[in-house]
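A.B. asks: Based on what follows, work out the 3D shape:
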Amino acid sequence: MKFSALTALYILPSVLAQQESKEQIIYNLTSENFESFITSHPLALIDFYTTWCIYCTRLSPKLELAATMLQGLELEVPVVVGKVDCTTKRLDRRGIIPFCEDIGVTSLPSLKVYRQGVFQEDYRGPSTAEDITKFMVGESKKWEGTEKGEIQTG
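C.D. replies: Down below sits the predicted model:
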């Protein structure tokens, strides 16, 4: 599936109309609910961010648009998007809470893909809504034609 700015213009209005009936586009996660969230969704993209990171604040609206676009697509395996605020109240080690460091957050923002509760890879592509959406559509397609729990690689 090829995405373009024109594709986003056609998909976005119908997605925004559907959005009113959906509960959330991006789920707010904490160290308390993170594990249950990633294990209860077959495919998740998680944004680890801080409130003081300029790159994180620039990514946020793009990620919200990507999540909205993903909700509007009929995918083999639906993609959920979550975010974890790694900001700590006191600045211990670069100001990132230990939970995020334990997960492997080494830079901000950090987008990580989880399948069935297991970390798969970091998203390292361009930070546009279109590119993030395209990448996650590809991740969903890795499941096509496989038995539940078997994931195609490559």
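A.B. asks: the longest helix in the chain is where?
C.D. replies: helix 54-71 (DSSP state H).
A.B. asks: I'd like to know which elements that one is packed against.
C.D. replies: Helices and strands touching helix 54-71, by 3 or more Cβ pairs under 8 Å, 6 or more residues apart in numbering; DSSP states H and E, are helix 5-19, strand 26-29, strand 43-49, strand 80-85, helix 129-141. For every residue, glycine as well, the C-beta is placed using N, CA and C.
A.B. asks: Low-confidence ranges, the protein, go.
C.D. replies: 1-23, 88-95, 144-154 (pLDDT under 70).
A.B. asks: ok, the spatially most central residue of it - contacts?
C.D. replies: Centroid-nearest residue in the chain, with Cα atoms, centre = their mean: Leu45, separated by 2.6 Å. Going by Cβ atoms under 8 Å, 6 or more residues apart in numbering, Leu45 touches 79-82, 111-114, 123, 132, 136.
A.B. asks: if we go to 7 Å?
C.D. replies: Leu45 makes contacts with 79, 81, 111, 113, 123, 136, as judged by Cβ atoms under 7 Å, 6 or more residues apart in numbering.
A.B. asks: Could you report the distance from it to Glu76?
C.D. replies: When distance is defined by Cβ to Cβ, to the nearest Å, Leu45 is 16 Å away from Glu76.
A.B. asks: quick revisit: for the contacts of Leu45, which entry has the maximal number of neighbours?
C.D. replies: Within the contacts of Leu45, most neighbours by other Cβ atoms under 10 Å means Met136, with 26 neighbours.
A.B. asks: Name all residues that make contact with the nearest residue to that one once chain neighbours are set aside.
C.D. replies: Among residues not flanking Met136 along the chain, Val79 sits closest, at 4.7 Å (Cβ to Cβ, 6 or more residues apart in numbering). The contact partners of Val79, taken as Cβ under 7 Å, 6+ apart, are 43, 45, 70, 136, 140.
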